[in-house]
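Undergrad: A structural model of the following input is requested.
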Amino acid sequence: MRSISRRAAAIFTATVLAASASAQAPATPASLPPATLPPATAAGTPAAGTPAVAVSTKPEPRPAGIAAKVNGQEIPEVAVYRALRQFPMEERDIARKEILNHLVENYIIDQYLNALKMTAEPAEVDKLIDELKGELKKGNVDYSKQLEQMMLTEAEFRVEVAAQMKWDKFLKQQGTDAELKKLFDASPDVFDGSMVRARHILMTPGSDAAKVEEAKKTLAAIKQTVEAEAKKTADATTGDLKAKEDARVKRTDELFSAYAQKYSTCPSKKNGGDLNYFPRVGAMVEPFAKAAFALQPYGMSDVVETEFGLHLIMCTAKKAGTPRKFEEVKEDVRGVYAVRLREAVVSQMKPRAKIEVTPVSATVPASATTPAGTPMK
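TA: Predicted coordinates:
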C-alpha cells in the first residue's frame, strides 16, 4: 500500500505530464463496473503510474489564455504547457493534441465523479499535502519553489490532490477483489510479462472523410507492396526454406522502415517506426496493443484506427511471459483495472460532453515563453 506522502508525490508530478503517445489509458473492460453511469454532464484525474519528470529550475512566465472548455469548465493554457515544454520543438504539434485530449478526459472524469457525489474533505487534502511538504523538506526541497517551477499555484495543486482522492475512492469502490480476480483470469497475457516489439506508420488525416479514406488506401497499398516485394525477394533466393524466410523478413523490415520514414507523422519515423518493446496493457491504446499482440513477427496488421490517427503495424519480435499467480500481481491487476475503468468512464461520458477547443495559430512559434499552440486572440 502506498504511503500518503507517496500518493502526494505522484500527484505532484502527474500535474506536469498530462499524456504521451506511448502512455495512454488502455481500453474499456468487458463490462463497466457497477455504479451505472448517470446521464450527468461529465474533469482532473492524473493518469495512473505517471512518471516523474525533470522540470526546469528557472521559473518561466505562465502562458495566458484558455486551451479548451469542457461543459463550460475552462482548461487553462498553462495546464497544457506544463506537459508540452518537455517535448522537443519538432514534436510539439503532435504532443499538444495528446496532452489536450488527456486533460479533456481528466475534466470529464472529475465532472462525472462530482455527479456521483464523490468528495475529498479539506482535512484529507491538508493531510496529504502536509505529508508531501515533510518529504520534500527531508530532501532540502522548497515546496513553494517547486510549485513555482511547475507553474502551479497552491490552489491549483489542491484541486489536483482532491481530484486524485476522489478517483482513488471511486476505484476502491469499483475494484473489489472479486472484480480484480475476474480481470486477472480473463487476461493471462496482460499479467505474465509478455512483450511485443513493433514498427508502425501513423497517418493523421483529421476528420475530413475524403482524406481519411485516402490515408486508409495509402496504408493498405503500402502493406500490399511490402508483402509483394518481400515475396519476390524470397522466391528469388536460393537455398532452403529458412534462407527464403530470412530473405523475406529482411526485405519486409527494410521496406516497412523506409515507408515509415517517408509517410509516418509519428516521431518514431526517424527510427523507421520502431516503438521498441511494450506490454499488452499500459503503454499503447487498446486498439493498437490488441492488433500488435495478435501479429506474428514480420506480419502486418490491417489499418488500425485510434484516437491518434490511422496506423499500419508490423510486429518485429515477441517475448513470452511467465505464468503468475493472482496474489503475486494483485497490485498490477489493480493498476490495469484503474486504466480500464478510466477508459470506461470516458467512453460513455465523452460523447455527451460539450468540448470546445480554442483554435491554434499556426504562426505562433514554440519557445520557452510562447508554447506551441498558444490560443489565438
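
Undergrad: For the helix or strand residue 291 falls within, buried residues please.
TA: Residue 291 belongs to helix 286-294 when assigned by DSSP states H and E. Under the neighbour-count criterion of 16 or more other Cβ atoms under 10 Å, helix 286-294 has 286, 287, 288, 289, 290, 291, 292, 293 buried. Every C-beta, even on glycine, is put in place using the N, C-alpha and C of the backbone.

Undergrad: you'd agree the first one is up against residue 343?
TA: Yes. Look at residue 286 against residue 343 with Cβ atoms under 8 Å: they come within range, at 7.4 Å.

Undergrad: which one of the buried residues of helix 286-294 is nearest residue 160?
TA: Comparing the buried residues of helix 286-294 against residue 160 with Cβ to Cβ places residue 286 closest, at 26.0 Å.

Undergrad: any idea how far the closest one lies from residue 339?
TA: The gap separating residue 286 from residue 339 is 10 Å, by Cβ to Cβ, to the nearest Å.

Undergrad: what secondary structure does residue 238 sit in?
TA: Secondary structure for residue 238, judged by DSSP: H, G, I helix; E, B strand; the rest coil, is coil.

Undergrad: Also residue 105?
TA: helix.

Undergrad: Quick check: it touching residue 350?
TA: Yes. Counting by Cβ under 8 Å, residue 105 does reach residue 350; the two are 6.8 Å apart.

Undergrad: still on that earlier bit, packing partners for the helix holding residue 291?
TA: On a contact count with 3 or more Cβ pairs under 8 Å, 6 or more residues apart in numbering; DSSP states H and E, helix 286-294 meets strand 195-203, strand 304-306, strand 309-319.

Undergrad: Tell me which of these sits most buried.
TA: Mean neighbour count (mean count of other Cβ atoms under 10 Å) peaks for strand 195-203 among the helices and strands packed on helix 286-294, with a mean of 24.

Undergrad: Now do the next helix or strand after that one, average pLDDT.
TA: Going down the chain from strand 195-203, the next helix or strand is helix 209-235, by DSSP H and E. Here helix 209-235 scores 96 as its mean pLDDT.

Undergrad: export stretch 255-262 as PDB, just CAs?
TA: The C-alpha coordinates for stretch 255-262 follow below in PDB (Å, rounded to 0.1, in the frame of the first residue of the first chain):
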ATOM      1  CA  LEU A 255      10.700  -1.700 -46.900                       C
ATOM      2  CA  PHE A 256       8.400  -1.000 -43.900                       C
ATOM      3  CA  SER A 257      11.100   1.100 -42.300                       C
ATOM      4  CA  ALA A 258      11.600   3.100 -45.500                       C
ATOM      5  CA  TYR A 259       7.800   3.700 -45.800                       C
ATOM      6  CA  ALA A 260       7.600   4.700 -42.200                       C
ATOM      7  CA  GLN A 261      10.400   7.300 -42.700                       C
ATOM      8  CA  LYS A 262       8.500   8.700 -45.700                       C
END
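
Undergrad: related to what we said a few turns ago, any chance of the buried residues of helix 286-294 in a markdown table, with distance to residue 316 and pLDDT too?
TA: Below are the buried residues of helix 286-294 laid out as a markdown table (distance: Cβ to Cβ, whole Å; pLDDT from 0 to 100):
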| residue | distance to residue 316 | pLDDT |
| --- | --- | --- |
| 286 | 20 | 82 |
| 287 | 19 | 89 |
| 288 | 15 | 93 |
| 289 | 15 | 91 |
| 290 | 17 | 90 |
| 291 | 14 | 95 |
| 292 | 10 | 96 |
| 293 | 13 | 94 |
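
Undergrad: now those residues as CSV including distance to residue 317?
TA: Formatted as CSV, those follow (distance: Cβ to Cβ, whole Å):
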residue, distance to residue 317
286, 21
287, 21
288, 17
289, 15
290, 18
291, 16
292, 11
293, 12
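
Undergrad: What part of the chain, helix or strand, is modelled with the least confidence?
TA: Lowest by mean pLDDT, DSSP states H and E among the helices and strands of the chain is helix 4-14, with a mean of 52.

Undergrad: what's the helix or strand just after it in contact with?
TA: Counting by DSSP H and E, the next helix or strand C-terminal to helix 4-14 is strand 66-70. With Cβ atoms under 8 Å, 6 or more residues apart in numbering as the contact definition, strand 66-70 has outside contacts at 42-43, 74-77, 79-80, 100, 103-104, 107-108, 111, 353-358, 373, 375.

Undergrad: how about a cut-off of 10 Å?
TA: Here strand 66-70 makes contact (Cβ atoms under 10 Å, 6 or more residues apart in numbering) with 41-43, 74-81, 96, 99-101, 103-108, 110-111, 350, 353-358, 360, 371, 373-375.

Undergrad: Quick one: neighbours of the closest residue to residue 147 other than its chain neighbours, just the number.
TA: The shortest distance from residue 147 to any non-neighbouring residue, by Cβ to Cβ, 6 or more residues apart in numbering, is to residue 157 (6.2 Å). Residues lying near residue 157 (other Cβ atoms under 10 Å) number 21.
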